[in-house]
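[1] everything below, folded, please.
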Amino acid sequence: MQPLIDNARAFGQRPEEFAGLAEGQSPEVLFITCADSRVVPALITGARPGELFELRTAGNIVPPYASEYPTSEAATVEYAVEVLGVKDIVVCGHSHCGAVGAVVRGDDLNAVPAVRDWLAHAADEPKCSDKADPTVAEAVQNHVLTQLLRLGSYPCIEQRLESGQIRLHGWYYEVHTGAVREHRAATDTFETL
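    Here you go, the predicted model:
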């Protein structure tokens, strides 16, 4: 913890670098990814403060839209689209994902009931031909595509997709190599950016 504290102290010694951020934010991208500590959106993209609006959830899950039961995730998506006017949304899954792996393997999650219930209501079991693969690459990539489909059903996104005002991107990040792949609709494969 001490190295983090030391960096936070030093970080606050450069106010001139951040003064402009007080005027507001205008990110062009909503970046939805897992809460996993190995996935750092600004590090992956090189984004500076104010350039990415982030939504981090266990397993980069986008729950189904239900206006009668609003969720933090739906509120974040809606705010990014309606208020901030983001033009692109990235759903970024990652290798070695504990959440997707647990779903694929059918792990007993009774000791963590909130996690169990979150995964049960928010995730369909992703297609995976090799459940023993520790990277769960195929499952994570299929999971990313499911989340993109869910996003497309959100009213604020559905309208903008139809008019071409917003683009959805599916990414897969390999934590063990740093490589990033993007889903290509034409070939239905994840290819290197």
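
[2] can you pull the buried residues of the lengthiest helix in the chain?
    Ranked by residue count, the top helix of the chain under DSSP state H comes out as helix 137-152. When burial is assessed from 16 or more other Cβ atoms under 10 Å, helix 137-152 yields the following buried residues: 137-148, 150-152. C-beta: built from backbone N, CA, C; applies to glycine.

[3] name the residues that touch that helix?
    Where contact means Cβ atoms under 8 Å, 6 or more residues apart in numbering, the residues beyond helix 137-152 that reach it are 32, 59-65, 77, 89, 91-95, 97, 100-101, 103-104, 123-124, 126-130, 157-158, 161, 168, 170-172, 174, 183, 190.

[4] show me where this protein has its helices.
    Per DSSP H, the chain carries helices over the ranges 2-11, 41-45, 72-78, 98-105, 113-122, 137-152, 155-163.

[5] so how far is the shortest one off the chain centroid?
    The one in question is helix 41-45. The chain centroid and the centroid of helix 41-45 are separated by 12 Å, computed with Cα atoms, centre = their mean, to the nearest Å.

[6] my guess is residue 115 meets residue 58, correct?
    Yes. Checked against Cβ atoms under 8 Å, the pair residue 115 and residue 58 is within contact range at 6.4 Å.

[7] who's more crowded, those two?
    In terms of neighbours (other Cβ atoms under 10 Å), residue 58 is the more surrounded of residue 115 and residue 58; the figures are 19 against 16.
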